[in-house]
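>>> take a look and give me a structure for this.
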Amino acid sequence: MFVHDVGRSKAFYQDVLGFEILREGPGGYVAIGRKGAVLGLSAASGLPADHPARARPGHGVGLGVELVVEADDIAAAYARAISSGQTNITALVDQPWGLTDFRVSDPDGYYVRITSRSTSP
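Numbering: from 1, shown residues only. The predicted model follows:
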């Protein structure tokens, strides 16, 4: 994922969603993970001007992207997110398709849906 500020994004995914740092590499690259989900964070500023993933002026780098992360304990994941102080978290909702989830946008506009791992009985 290309982000404006790798440190800010790293803190968001750690503090709000419980990801852990897996490795840090050259050029500010950071791999973060949570129960099998791995995200790579890199600075968008390092992309050439003609790179297809570079955001157009006035658009967030995450526009049009939804990340879905499964949680074994959705209530605990929601409580962690709320306790982080993040303000753009939706309510925890039981969806008609049998899953429970909440949603939040990261600092770069990536839309993240945290969902229960399996449908309710």
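>>> low pLDDT regions in this protein?
Residues of the chain meeting the criterion pLDDT under 70: 57-60, 118-121.
>>> that one: helices as residue ranges?
Under the criterion DSSP state H, helices of the chain are mapped to 6-15, 74-83.
>>> any idea which of the ones you listed is most buried?
Mean neighbour count (mean count of other Cβ atoms under 10 Å) peaks for helix 6-15 among the helices of the chain, with a mean of 18. To be clear about C-beta, it is placed using only N, CA and C from the backbone, and glycine gets the same treatment.
>>> okay, the angle between that helix and helix 74-83?
Using axes from the mean of the first three to the mean of the last three Cα atoms, to 10 degrees, one finds that helix 6-15 and helix 74-83 are set 140 degrees apart in direction.
>>> helix 6-15 - contacts with which helices or strands?
In terms of contacts (3 or more Cβ pairs under 8 Å, 6 or more residues apart in numbering; DSSP states H and E), helix 6-15 is packed against strand 20-24, strand 30-34, strand 37-43.
>>> that'll do, ta.
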